[in-house]
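Q: Any chance you can model this:
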Amino acid sequence: MSPQRPGEEEVETALRYWRGVIPAYPRAFDWCLPTRFTLRRRFFNFLLAHGKHALAVLKDERRNLYQDVAGLFDHEAPQPGSYRSANATGGIFQTYSPGPKCKPRLRVVRSLETYTVRRQLDKQDDPQQSDWIWVTTLPLAQVPVARIVHLGHQRWDIENYGFNELANEWHSRSCVQA
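A: Residues are numbered from 1 along each chain as shown. Next comes the predicted model:
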C-alpha cells in the first residue's frame, strides 16, 4: 500500500500505487476490486490502458454515475437469481457509457436481495432487503452476472469478516506505513 500524501486525493494515491505494481507484477492479476473512492473515469481508463479491469461497488446516491444508472433500472426486466440464502433479482445494463472521456462501456449489475433474519429476542423472522449495485469493465462473455455478484460480495466479506475480526477480536489497530 502507498500512504496518502498531504493534499493528495485517494485516486492519485491509488494511481501512484498501481503505477508501481503493474510493471513489477504484470501477470499477477487481471482485475481489481477498488474502493468506492477510486470509482473515477481516470482510474478505470488507467487500468484498461494497462490491460486490467475493475469491479467496484456503487453506493453513493449523490454521485452522478449512481443517478445515471438508477434511471436504467426502470427500463430493464430483472433476472431471477440467488446469492447464498438470499433470493435475488438483478439486471445488467451492457450499453451504459458514462461519457466520452471514459473509454470503456461499463457494465452495471444490480442485485436486489431479500432474505430473512430470525431475531434472538422474540424468535420472529424479520424480512430484510439489500440493494447492491456494481460497476465493472469486465465483459459479459468473460464474467457472467452471477459471478459479478459473487465477486462483489467477496470484497465486502474480506472487510466484514477479516478486518472486523482483526479489530474486534484481536484488538488490532490500523497500520500506517511511513
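Q: need the next SSE after the helix or strand bottoming out on mean pLDDT in the chain, C-terminal direction.
A: Within the chain, no helix or strand scores below strand 86-96, which has a mean of 56 by mean pLDDT, DSSP states H and E. Sequence order places strand 106-118 as the next helix or strand after strand 86-96, per DSSP states H and E.
Q: Spell out which strands sit alongside that next one in the sheet and which way each one runs.
A: strand 86-96 (antiparallel), strand 125-136 (antiparallel) (DSSP bridges).
Q: Going by neighbour count, which residues of that strand are buried?
A: 106-113, 115 (16 or more other CB atoms under 10 Å). From N, CA and C alone the C-beta is placed, and that goes for glycine too.
Q: gap between it and the chain center?
A: Centroid separation between strand 106-118 and its chain, computed with CA atoms, centre = their mean, to the nearest Å, is 13 Å.
Q: Export that strand to CSV, keeping only CA atoms.
A: Extracted in CSV, the C-alpha atoms of strand 106-118 (Å, rounded to 0.1, in the frame of the first residue of the first chain):
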residue,chain,number,x,y,z
LEU,A,106,-19.3,0.0,-18.3
ARG,A,107,-21.5,-2.9,-17.2
VAL,A,108,-23.8,-2.1,-14.3
VAL,A,109,-25.0,-5.0,-12.3
ARG,A,110,-27.8,-4.7,-9.7
SER,A,111,-28.7,-7.3,-7.2
LEU,A,112,-31.8,-6.6,-5.2
GLU,A,113,-31.7,-9.3,-2.4
THR,A,114,-34.4,-10.4,0.0
TYR,A,115,-33.7,-12.6,3.0
THR,A,116,-35.0,-13.4,6.4
VAL,A,117,-33.2,-12.8,9.8
ARG,A,118,-34.5,-14.6,12.9
